[in-house]
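make a model of this:
(chains A and B)
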Amino acid sequence: MKPAPGSALWLLRHELRLSWFGATLNRGGKRMPGARTLITWTIAWALLHAFAFVLLFKGRVDLSNPQLAIGAGVVLLACATFMLSNALRASVVALFERGDLDLLLSSPLPSRSIFTVRLLGIVAGTAALYLFLFAPFAHVAAVLGRPGWLAIYPAVGAIATLAACAAMLLTLALVRLLGARKTRVIAQVVAAIAGALLFLLSQAYNMVSHDSDPGAGSRLARRVAESSLLGPDSLLWLPGRAARGEALPLLVVVLLAAGAFMLTVGHTHRFFAHGLQQAASMGHARARPRAPLRVHVRRSLLDTIVIKEWRLIWRDPHLISQVLLQLVYLLPLFVLVLRGADTPGPAIGAGLTLLCSSLSSSLAWIVISGEDAPDLLWSAPASRHAIRMGKLAASVMPPLALVAVPLLWLVVRTPVAGLMVCFTVTAAVFGAALIVQWVGRPAPRSDFRARGKENFLCSFLELLNSALWGGLAWLLVSMGGR
Amino acid sequence: MNDAISDTPALRLRGLRKSFGRPAVDGIDLEVRRGELYALLGPNGAGKTTTLRMVTGLLAPDAGQVEVLGIDMARDPAAAKRGMAYLPDDPMLYGKLKPAEYLEFVAGLWGMRAEDAEPRALELLDWLDLTPHAHELTEGFSRGMKQKLALAGALIHAPQLLILDEPLTGLDAAAARQVKDLLLTHVAGGGTVILTTHILEVAERLAQRIGIIRQGRLIAEGTLAELRARTQLGSLEDVFLQLTEDR
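Numbers count the residues shown, from 1 in each chain, chains lettered A, B, ... in the order given. All right, here's what the predicted structure looks like:
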């Protein structure tokens, strides 16, 4: 039965269809054939069922054990941080990037229905992946005689709803407080940090447990577990108990989610329309002139290109946050390597080389592949070689400047090893930038996060470059240190 | 010697060809004199943009020769590009730069001296009413403002040959008038303009000569009066439709 055109249900169907198309876009920008997509997803889901069966049945997991609620609670709370991150991104898209809201708001549909459907769309988009991952475990548990675990469905739905409401409220509050332009950037940065939070916390725990005092980690865990905040009766495990099918926690979680949804829709749909108006007029706000207008033409082409590239990056906080987040992911690895090594020299050498290589390839992608006006550059009378040199300089100088002080410290402390690390860092940085220059493909800067999927060869060579120079740094410093 | 240079056409194309599986440009011969405003017309997909991209050195021709201000594009592209500017239909701007910074960058690309570029940039911003927006990032600009800034970028190094692909698309009446005046001023000052447009009224009013391109070939060329005489029709629209209709 098709919903009546113009109804909220009809709009929701349209929203879900768009989400589905968005999730199944292939590289050429065309929708994949429906049957092929469905078969792929079905096979993946069947494999997940098999995995769940092996884990729960063969692993003889006692599904009636109440302690499992704590495990499920931890997993669901961890997922909640990712859900919040996804929902924040989706809220930013809903407010600032979707081109259809003018059409919808100019239609006779009430703005409340549009907001309800848009929020439901975010909830569905946020919950879908986690339901896909967790539902097989619920199904297998039900087959094994524990149908209560089917409550994973409403529990995940409720957490996704809470995450979506929190994300939308945060985005709208930021719009109200800071204006549309800053909100867009801040929400994207917060989304990136929320996505990495769990990883960083887990790495912090790893670091504590690998500390010089081997009992520190377990002592910390025991102390936390005994505290009222994280004890067995903690409210934090409510989602886990709800997922297990305990009636009261399930009811509480679902009612909380429903309440949050109704409150969000009831009290903020006007803010939503207001936020959209701000977003629409985002570009028209006139900056107050702070200084007399000056034009400063540089003496050399290299300066011209480098300054332009750095300005473009410096003024894009979202891009900077994504680049730095990548480095944040590398830091725990660096610290672990450093702690695991007998002598810190090789580890520092390898770590610095990896860090710089990664930063250089990111910057090279932004500067070279993400060039906004290639036709302007190539229609200029400057030689291609000179332009490429300028771009190369813009990509390699920041990572080299970033590690200059640690490298200097290393050279002063152990001159031979320090010089070897200088060599591997420089080679890795130039190698990474040259790889992007040789095999990179033009793409909009907004594709920064997806660049690995778009150009496998480039990503593979970058990884190889990092691994080889990092490994060589380790080897050279180890040999030189003897 | 100077006479010889000024006698050289601003643009000369000989047997220009480009194919993307099927011919996009199929043996175009064209000559545009200095100080002339030349309009290149044609239906969508006729090969206008491909021709302009070969002229500006953005695309290498499969065959044929491009000579800009007497300089062979294949032999000395840098020299050929020095006296030319290209404005594509989608303005080539950087959203995170301010107008003056954009002009600084373009001036740097063309190797201009600071003492020439700086007053020229300020003059162009003022002329195109962009000074009040000089402290804003271009990502917030309207289509018309972007087009005007891109035009300022094209004019900053005072090119002898200005090539514009659909320069009036999306402009309001005031901005369109400003751009048209600017082109006429450029031609009056001895510069050459080649433009493509779908707005036939613009070609009819501005162009001294008109070329009509269809399926990669230049099928008609001349002044408006010559084209009218050839087809025995009144308006350029009628002439264009008769010459480009599918046969």
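
specify the beta-bridge partners of the most centrally placed residue in chain B.
By Cα atoms, centre = their mean, chain B has its centre lying nearest to B:Ile163, at 1.8 Å. Each beta-bridge partner of B:Ile163 is listed here, defined by DSSP bridges: B:Tyr86, B:Ile194.

so it makes contact with B:Leu58?
No - between B:Ile163 and B:Leu58 there is no contact, the gap being 10.7 Å when judged by Cβ atoms under 8 Å. Heads up, the C-betas are built off the backbone N, CA and C, glycines and all.

sorry, back to before: who's in contact with the residue nearest to the centre of chain B?
Contacts of B:Ile163 were listed using Cβ atoms under 8 Å, 6 or more residues apart in numbering or on different chains, and they are B:52, B:55-56, B:84-87, B:193-195.

of these, buried ones?
Buried members of these, counted by 16 or more other Cβ atoms under 10 Å in any protein chain shown: B:52, B:55-56, B:84-87, B:193-195.

for burial, what's the neighbour tally of residue 176?
With no chain named, the answer covers chain A. The number of residues packed near A:Arg176 is 15, by other Cβ atoms under 10 Å in any protein chain shown.

was after chain B, sorry
Neighbours of B:Ala176 using other Cβ under 10 Å come to 18.

what does B:Gln178 give?
What B:Gln178 shows, counting by other Cβ under 10 Å, is a neighbour count of 19.

helices of the stretch 201-350 of chain A, start to end?
A:216-226, A:238-243, A:247-280, A:301-314, A:317-340, A:344-364 (DSSP state H, counting those that start in this stretch).

what does chain B give?
Assignment of helices within chain B using DSSP state H yields the ranges B:2-7, B:48-55, B:77-82, B:99-109, B:114-127, B:143-155, B:173-188, B:200-206, B:224-231, B:236-244.

now the fifth one, how far from the chain's geometric center?
Read that as helix B:114-127. 21 Å (Cα atoms, centre = their mean, to the nearest Å).

got the contact list for B:Thr185?
When contacts are counted by Cβ under 8 Å, 6+ apart, B:Thr185 touches no other residue.

state the pLDDT value of it.
At B:Thr185, the model reports a pLDDT of 92.

what's the answer for B:Arg177, then?
We note a pLDDT of 89 for B:Arg177 in this prediction.

before we move on, what about A:Pro66?
Value listed for A:Pro66 in the pLDDT field: 73.

three-state assignment of it?
Following DSSP: H, G, I helix; E, B strand; the rest coil, A:Pro66 is assigned to coil.

backbone torsions only: list them for it.
Backbone torsions of A:Pro66, given as degrees, to the nearest 10, read phi -60, psi -20.

so how far is A:Leu235 from it?
Taken as Cβ to Cβ, to the nearest Å, the spacing of A:Pro66 relative to A:Leu235 amounts to 15 Å.

swap in A:Gly245?
Counting by Cβ to Cβ, the gap between A:Gly245 and A:Leu235 amounts to 18 Å.

between the two, which has more neighbouring residues?
Neighbour tally, A:Gly245 and A:Leu235, criterion other Cβ under 10 Å: the higher count belongs to A:Gly245, 21 against 12.

tally of neighbours for the residue nearest to the more buried one when sequence neighbours are not counted?
Computed as Cβ to Cβ, 6 or more residues apart in numbering or on different chains, the closest residue to A:Gly245 that is not its neighbour in sequence is A:Gly148, at 2.4 Å. When neighbours are defined as other Cβ under 10 Å, A:Gly148 has 18 of them.

can you classify A:Gly148 as helix, strand or coil?
Under three-state DSSP, the three-state class of A:Gly148 is helix.

tell me the pLDDT at it?
According to the per-residue confidence, A:Gly148 scores 88 in pLDDT.

got it, and B:Asp76?
According to the prediction, B:Asp76 has pLDDT 92.

and it, backbone torsions?
In terms of degrees, to the nearest 10, the main-chain angles of B:Asp76 are phi -140, psi 70.

one more: A:Arg294?
The phi and psi torsions at A:Arg294 (degrees, to the nearest 10) take the values phi -130, psi 150.

B:Thr197 now?
Per-residue torsions, B:Thr197: phi -160, psi 150 (degrees, to the nearest 10).

and it, what does it touch?
Residues in contact with B:Thr197, defined by Cβ under 8 Å, 6+ apart, are B:39, B:41, B:166-168, B:203.

now, those residues that are in strands?
When these are checked against strands (DSSP state E), the matches are B:39, B:41.

any of the contacts of B:Thr197 buried? List them.
Neighbour-count burial (16+ other Cβ under 10 Å) applied to those gives B:39, B:41, B:166-168, B:203.

which pLDDT value goes with the residue nearest to the centre of chain B?
You'll see B:Ile163 listed with a pLDDT of 95.

so who does A:Pro239 touch?
The contact partners of A:Pro239, by Cβ under 8 Å, 6+ apart, come to A:72-73, A:76-77, A:80, A:155, A:158-159, A:249, A:253.
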